[in-house]
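>>> need a structure here:
(2 chains)
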2 protein chains.
Amino acid sequence: MKKGILIVVSGFSGSGKGTLMHALLEKYDNYALSVSATTRQPRAGEVEGKHYFFKSQEEFEKMIAQDELIEYARYVNHYYGTPRAYVEKQLNSGKDVILEIEIQGALKVKQKFPETLLLFVTPPDAATLERRLVGRGTESAEVIKSRMLRAAEEADGMGAYDYLIINDDIERCRDEVHQIIQSEHCRCIRNGEFMGQITAELKENLKGE
Amino acid sequence: MKKGILIVVSGFSGSGKGTLMHALLEKYDNYALSVSATTRQPRAGEVEGKHYFFKSQEEFEKMIAQDELIEYARYVNHYYGTPRAYVEKQLNSGKDVILEIEIQGALKVKQKFPETLLLFVTPPDAATLERRLVGRGTESAEVIKSRMLRAAEEADGMGAYDYLIINDDIERCRDEVHQIIQSEHCRCIRNGEFMGQITAELKENLKGE
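Next comes the predicted model:
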């Protein structure tokens, strides 16, 4: 069983990355979404082990101390993190595992696991991003302004990613992301075992002559 | 018009890379095969500018001196090389350009143009390679032996390539190569212009607020 690829997906708020990932998982079988651990309270309808692994602060800090998290961050007095055990189990079963996290976390994961694939989702232009945020109709002008500000800051980090997904059409992008990940499976650095095997066979063959 | 990607394809003799490239060009429109320059005499049916650019030794050495070749090598008293002008014309017109050259040349091209994509075509195992070489029925045992020896040497260079194409089925591989190249177009390093543009828009937008 070939090991899966760890994929980190980031993108501007309003880039449509959440919708894109759901479309990907709906159409293709070989992906698993990572499940985060958090110390915040479950909301109505949230299921332990599906939406989150809910932890007490003490449990979470123990996970940090024992290096059981691939990355973690603290927002508004709550911890959020990616449990290593769940991700590794999925990868070992051959699934490509997707983490949806922001830039700082993405770079930490890449540092720890250099073979991680970093995808950045962006709308085709800034006007489209603003239009989408406004179009949601759920955000105040204040919130939209802060999201646009954050996007302008995050833009400087795009270059550190491996691939850029320009989200102009959700179905086209869903298939593009799938093809990018499948193509990555053909990278030489991900096929060390095969290369070692055929090299050994070819050299063995010579001895037999 | 977005610039095309320069792609170098190498592989063991008997890997089927020639057949694979022809299948790729037959099915998809956006590729161009590079045309080599050579000092050897044209064979029956070979067309200037299609199969080769035929040059005198003096002309070829002038091309070397004027850095008009991306790479070149000398085999059996004849020069073979890749004219830069033809490749750049195709790339600038948006075509992805394919060079079929061996490992030494491939590494030289990558050194000169780091954004070159290196593909290595291999059979699924050494036994398949030998079976294909024997199956051609055109090669003496001596030649087959020397090809297998060369493959064993070349195997050590595989790891320097970007992607490994395991040629178990020509149609599957043709589509895989196409998807790999198309995915490469989404690499951040190949989308500097887009990233610069949207970053500028986002920062400009803030000023307007």
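
>>> use CA for all of it now, contacts and neighbours both
Fine.

>>> A:Ala155 reaches B:Thr199, doesn't it?
Yes. Counting by CA atoms under 8 Å, A:Ala155 sits close enough to B:Thr199 to count as a contact (5.5 Å).

>>> so A:Tyr161 sits against A:Val121, correct?
No. Counting by CA under 8 Å, A:Tyr161 does not reach A:Val121; the two are 10.1 Å apart.

>>> look up how far chain B lies from A:Phe12.
11 Å (CA to the nearest CA, to the nearest Å).

>>> that residue: neighbour count?
22 (other CA atoms under 10 Å in any protein chain shown).

>>> wouldn't it be in contact with A:Pro124 here?
No. Counting by CA under 8 Å, A:Phe12 stays clear of A:Pro124, with 11.6 Å between them.

>>> quick check: neighbours shared by those two?
In terms of CA atoms under 8 Å, 6 or more residues apart in numbering or on different chains, A:Phe12 and A:Pro124 are not both contacted by any residue.

>>> residue contacts, A:Gly157?
Applying CA under 8 Å, 6+ apart, the residues contacting A:Gly157 are A:Ile103.

>>> roughly how far apart are it and A:Phe12?
Distance, A:Gly157 to A:Phe12, using CA to CA, to the nearest Å: 11 Å.

>>> residues of chain A that sit close to chain B?
For chain A, the contact set with chain B under CA under 8 Å from any CA of the partner chain comprises A:124-126, A:148-149, A:151-152, A:155-156, A:158-165, A:176, A:179-180, A:183-184, A:186-189, A:191-192, A:195, A:198-199, A:201-203, A:205-206.

>>> pLDDT on stretch A:98-107, on average?
Across stretch A:98-107, pLDDT averages out at 92.

>>> repeat that for stretch A:32-41.
On average, the pLDDT along stretch A:32-41 is 94.

>>> list the buried ones in stretch A:33-50?
A:33-40 (16 or more other CA atoms under 10 Å in any protein chain shown).

>>> ok, back up a step: select only the buried ones of the residues of chain A next to chain B in PyMOL?
Restricted to buried positions by 16+ other CA under 10 Å, the PyMOL selection for these reads:
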select buried, chain A and resi 124+125+126+148+151+152+155+158+159+160+161+162+163+164+165+176+179+180+183+184+186+187+188+189+195+198+199+202+203+205
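
>>> I'd say A:Leu25 and A:Ala32 touch.
Yes. Taking contacts as CA under 8 Å, A:Leu25 lies within contact range of A:Ala32: 7.4 Å.

>>> I'd like the buried residues of stretch A:33-50 as a markdown table, with secondary structure appended.
Formatted as a markdown table, these follow (DSSP: H, G, I helix; E, B strand; the rest coil):
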| residue | secondary structure |
| --- | --- |
| A:Leu33 | strand |
| A:Ser34 | coil |
| A:Val35 | coil |
| A:Ser36 | strand |
| A:Ala37 | strand |
| A:Thr38 | strand |
| A:Thr39 | coil |
| A:Arg40 | coil |
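
>>> would you pull up how far stretch A:57-77 lies from the middle of the chain?
Averaging C-alpha positions (CA atoms, centre = their mean, to the nearest Å) puts stretch A:57-77 18 Å from its chain's average.

>>> do stretch A:25-33 as well
So, by CA atoms, centre = their mean, the centroid of stretch A:25-33 is 13 Å from its chain's centroid.

>>> list the buried residues for it?
A:25, A:31-33.

>>> just those now: which is nearest chain B?
A:Tyr31 (18.1 Å; CA to the nearest CA).

>>> can you pull the contacts of the nearest residue to that closest one once chain neighbours are set aside?
Nearest residue to A:Tyr31, sequence neighbours excluded (CA to CA, 6 or more residues apart in numbering or on different chains): A:Asp96, at 4.9 Å. Listed by CA under 8 Å, 6+ apart, the contact partners of A:Asp96 are A:4-7, A:30-32, A:90.

>>> what residues of the host helix or strand of A:Gln90 count as buried?
Secondary structure from DSSP states H and E places A:Gln90 in helix A:84-92. In terms of neighbour count (16+ other CA under 10 Å), helix A:84-92 has its buried residues at A:84, A:86-88, A:90-91.

>>> what about that helix, average pLDDT?
pLDDT averaged over helix A:84-92 gives 94.

>>> that one: what's the following helix or strand?
strand A:96-100.

>>> neighbouring strands of that next one in the sheet, and parallel or not?
strand A:6-11 (parallel), strand A:31-33 (parallel) (DSSP bridges).

>>> could those strands go into CSV alongside distance to B:Lys55?
Formatted as CSV, the strands paired with strand A:96-100 follow (distance: least, CA to CA, whole Å):
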stretch, distance to B:Lys55
strand A:6-11, 50
strand A:31-33, 53
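
>>> nearest to B:Gln104, of these?
strand A:6-11 (32.8 Å; CA to CA).

>>> pull the CA atoms of the closest one into CSV?
Only the C-alpha atoms of strand A:6-11 are listed here, as CSV (Å, rounded to 0.1, in the frame of the first residue of the first chain):
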residue,chain,number,x,y,z
LEU,A,6,-0.4,15.2,3.2
ILE,A,7,-2.0,18.3,1.7
VAL,A,8,-2.5,21.7,3.3
VAL,A,9,-5.1,23.9,1.7
SER,A,10,-5.2,27.6,2.5
GLY,A,11,-6.7,30.6,0.8
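
>>> could you tell me the angle between that strand and helix A:84-92?
110 degrees (axes from the mean of the first three to the mean of the last three CA atoms, to 10 degrees).

>>> after strand A:6-11, next one along is what?
With elements assigned by DSSP H and E, the helix or strand that comes after strand A:6-11 is helix A:17-27.

>>> and the angle for that next one with strand A:96-100?
Using the same axes, to 10 degrees: helix A:17-27 against strand A:96-100 is 160 degrees.

>>> let me see the ranges of the strands in chain A.
A:6-11, A:31-33, A:36-38, A:52-54, A:69-75, A:78-83, A:96-100, A:117-122, A:163-166 (DSSP state E).

>>> can you give me the domain assignment for chain A?
Using automatic domain parsing, the domain parsing of chain A gives A:1-30+A:96-209, A:35-93.

>>> check contacts around A:Glu46.
By CA under 8 Å, 6+ apart, the contact list for A:Glu46 reads A:Tyr52.

>>> neighbours around the nearest residue to A:Asp162 once chain neighbours are set aside, how many?
Leaving out its chain neighbours, the residue that sits closest to A:Asp162 by CA to CA, 6+ apart is A:Leu118, at 5.1 Å. The number of residues packed near A:Leu118 is 24, by other CA under 10 Å.
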